[in-house]
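Peer 1: Sequence plus predicted model, see below.
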Protein chains: 2
Amino acid sequence: MRISELSRRSGVSVTTIKYYLREGLLPAGRQTAATQAEYDEHHLRRLRLVRALTGVRGLSVSATRELLGALTELTGDTHRQLGLVLGSLRLAEEPAAEASASGDVDALVEELGWDVHESAPARTALAETLTSLRSLGVPLDWHTLVPYARLAERTAVLDLDQLGGIEDPLEMAERALLLTVLLEPALLALRRLAQENESARRHAGD
Amino acid sequence: MRISELSRRSGVSVTTIKYYLREGLLPAGRQTAATQAEYDEHHLRRLRLVRALTGVRGLSVSATRELLGALTELTGDTHRQLGLVLGSLRLAEEPAAEASASGDVDALVEELGWDVHESAPARTALAETLTSLRSLGVPLDWHTLVPYARLAERTAVLDLDQLGGIEDPLEMAERALLLTVLLEPALLALRRLAQENESARRHAGD
DNA sequence: GAAACTGGATACCTCTACTGTCTAATATAG
DNA sequence: CTATATTAGACAGTAGAGGTATCCAGTTTC
């Protein structure tokens, strides 16, 4: 298909598609002539993924590009790499300030017995949260996070269970990305609802 | 204290503080003369809160204003209102498109037996996630979310346990806001690490 | 009484995510 | 084969967000 059909089928304007091509969010089509290129179903799927990440999840174009970049690095041994890909996904934009609480994070990971990469961006994100909460006068040390981490473990089991039965490695990686990133607002929403419910429950006992 | 001291103690420039005053993120100081106003510790605390929400959490100025607005509505019966405040916090920016999956969310809440407000924004966020995942070809129905919700329940218990021992209602509400909102990136980071770990664990069995 | 500071208003700046327009080449319909 | 539409690629322009800078008249401090 050509660009106009891609636009029609995705609901994204031609100019915006060109913008995504320029920005590297979408791989170039197969050139058939100097002013002609051919796109396929993969481009359509990728385009919808981009819209989901930027629109639903509110990611910036550069953050989206980074996430998608992780996908293409996935070549060999799928299952092992999947973990690395998930682990290497960046969480926020910031170029990571001083990680003054990284010692606490190391201790936490040690206590949990987790096998995670030394340079996983999530470690930095954790350290930053600890640091900023402390600077706001909330006395939170890493021991407090242990029970949260145990619940996260069980969440991860649910997550990986969702990926069963997918054969194509690229498709599985895309699915993993979707479930990891797009489920985030849903999990936070469940937490908020659960907090409201729990607060009501505790009040009822008065 | 005057604005320059507020600036010095918070590390936020005077012009930016003026901007926050204009935008309603910070209450005005007590006017002492036509060109003079007095600020106190409460302003400093609020200013740090604003920086944490916009900086660490990456919230927009308007989203931050809304969250802070919820704080000031907290007047009477603390514990009951706390749940409502937490429940009423908006999650994202979007003015909520059509909630085509709201029926599923109702069914989910019913199944869980949760006592949550009918118009909680988190319901909309959930519905949107379901809708967008489906439009991307991920067959996710609300039953899949039940185990996630059970884990969210236990997370909420941990959250509310953190709030014990705080007397002042406003301070407790501020703490609740901090723990709810600033812990979010940390919880997501834990999930990513847990995924990486779980993936490694499953691979080890090959 | 002079220098420094203040609140308030307004203009300006930078970045992001697009959007519009142009050009030369190509496709398609008659 | 010609007229019309479409295309890739380049580049300028736009709107909104989040500040930043400047100016002013009043106020404080010395």
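Peer 2: Alright, I've got the coordinates.
Peer 1: Nearest residue to the middle of chain A?
Peer 2: Nearest to the mean C-alpha position of chain A, by CA atoms, centre = their mean, lies A:Val181 at 3.5 Å.
Peer 1: give me the number of residues near the residue nearest to A:Glu23 when sequence neighbours are not counted?
Peer 2: Closest residue to A:Glu23 apart from its sequence neighbours, by CB to CB, 6 or more residues apart in numbering or on different chains: A:Val61 at 5.6 Å. Just so you know, the C-beta spots here come from the backbone N, C-alpha and C atoms, and that holds for glycine as well. Number of residues near A:Val61 (other CB atoms under 10 Å in any protein chain shown) recorded here: 15.
Peer 1: residues contacting A:Val61?
Peer 2: Applying CB atoms under 8 Å, 6 or more residues apart in numbering or on different chains to A:Val61 gives the contacts A:23, A:25, A:54.
Peer 1: What's the first helix or strand after the helix or strand encompassing A:Ile17?
Peer 2: Applying DSSP states H and E as the criterion places A:Ile17 in helix A:14-23. Counting by DSSP H and E, the next helix or strand C-terminal to helix A:14-23 is strand A:30-33.
Peer 1: and the longest helix along chain A, is it in reach of DNA strand C?
Peer 2: In chain A, taking DSSP state H as the definition, the longest helix is helix A:169-204. No: Helix A:169-204 is not in contact with DNA strand C by CB under 7 Å from any atom of the strand; minimum separation 15.0 Å.
Peer 1: coming back round to it: filter the contacts of A:Val61 by proximity to DNA strand C?
Peer 2: Among these, DNA strand C is touched by A:Thr54 when using CB under 7 Å from any atom of the strand.
Peer 1: quick one: which of the contacts of A:Val61 has the most company?
Peer 2: Most surrounded of the contacts of A:Val61: other CB under 10 Å gives A:Leu25, at 23 neighbours.
Peer 1: How about the contacts made by it?
Peer 2: A:46, A:50, A:61, A:64-65, A:68.
Peer 1: what about burial for these, which qualify?
Peer 2: Buried residues within these, counting neighbours by 16 or more other CB atoms under 10 Å in any protein chain shown: A:46, A:50, A:64-65, A:68.
Peer 1: Could you dump those residues into CSV with distance to A:Arg2 and secondary structure added?
Peer 2: As requested, these are arranged in CSV below (distance: CB to CB, whole Å; DSSP: H, G, I helix; E, B strand; the rest coil):
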residue, distance to A:Arg2, secondary structure
A:Arg46, 16, helix
A:Val50, 19, helix
A:Thr64, 24, helix
A:Arg65, 24, helix
A:Leu68, 23, helix
